[in-house]
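Novice: Predicted coordinates and the sequence they were generated for:
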Amino acid sequence: MPRIAPLAASASLLLLALDAQAASAKDLYQRLSPGVVCIVAMKEGVDGCSLGTGFVVDGAGRVLTNAHVVSVGGQVPDRVLVFRKPAQLSGDMKRDLAEPLPARIVKQDGELDLALLEIPKGDYGPVLKLDPERAVPGEPAVAIGHPGHGG
């Protein structure tokens, strides 16, 4: 599959190093977490599923995640679902992940461990802007994800 090098340079900056200086972790979470999604990939005939986090990169419904998130037992999944964060997390996975959006794998690169997904167009909250020119090693960073299986 084609490499997604432009996104690779930016992906490591998801940690939001730039904003970490200007706002508290709580403020960043409240502002940006609606753009962070939970991803579930499934393959018929394979026990279990793959679960991970991604983030909306544009208004066209593209989501960036890790390639290993959309691999089930080393195989291409039959089905990939994306779940938006509910307004209020309950910690109950069935309740918090109740409205799946179907996703299609657009590109992936196993070497870079990146995958670009596409979900139906819609308003998915803030798009996380990444600036590889301004982020430098050693700066404070904040990571936003879905620990604990999506809760």
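Specialist: The structure has been received and is ready for your questions.

Novice: those helices in this protein, which residues are they?
Specialist: In the chain, the helices defined using DSSP state H lie at 5-11, 17-22, 25-32, 93-96.

Novice: Lowest average pLDDT across the ones you listed?
Specialist: Of all those, helix 5-11 carries the lowest average pLDDT, namely a mean of 43.

Novice: Mind listing the residues bridging to the most centrally placed residue in the chain?
Specialist: Nearest to the geometric centre of the chain sits residue 54, at 0.4 Å (Cα atoms, centre = their mean). Beta-bridge pairing for residue 54 (DSSP bridges): residue 37, residue 65.

Novice: and it, what is it in contact with?
Specialist: 36-37, 39, 63-66, 69, 82, 117 (Cβ atoms under 8 Å, 6 or more residues apart in numbering). Backbone N, C-alpha and C define where each C-beta goes, glycine included.

Novice: Mind exporting the C-alpha coordinates of the longest strand along the chain to CSV?
Specialist: Of all the segments assigned as strand in the chain under DSSP state E, the longest by residue count is strand 100-109. Extracted in CSV, the C-alpha atoms of strand 100-109 (Å, rounded to 0.1, in the frame of the first residue of the first chain):
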residue,chain,number,x,y,z
PRO,A,100,-20.7,2.7,15.8
LEU,A,101,-19.7,4.4,12.6
PRO,A,102,-18.5,2.1,9.7
ALA,A,103,-15.0,2.8,8.6
ARG,A,104,-13.0,1.9,5.6
ILE,A,105,-9.2,1.5,5.5
VAL,A,106,-7.9,4.1,3.0
LYS,A,107,-4.2,3.5,3.4
GLN,A,108,-1.9,1.7,5.9
ASP,A,109,1.8,1.3,6.4
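
Novice: Many thanks, I have nothing further to ask.
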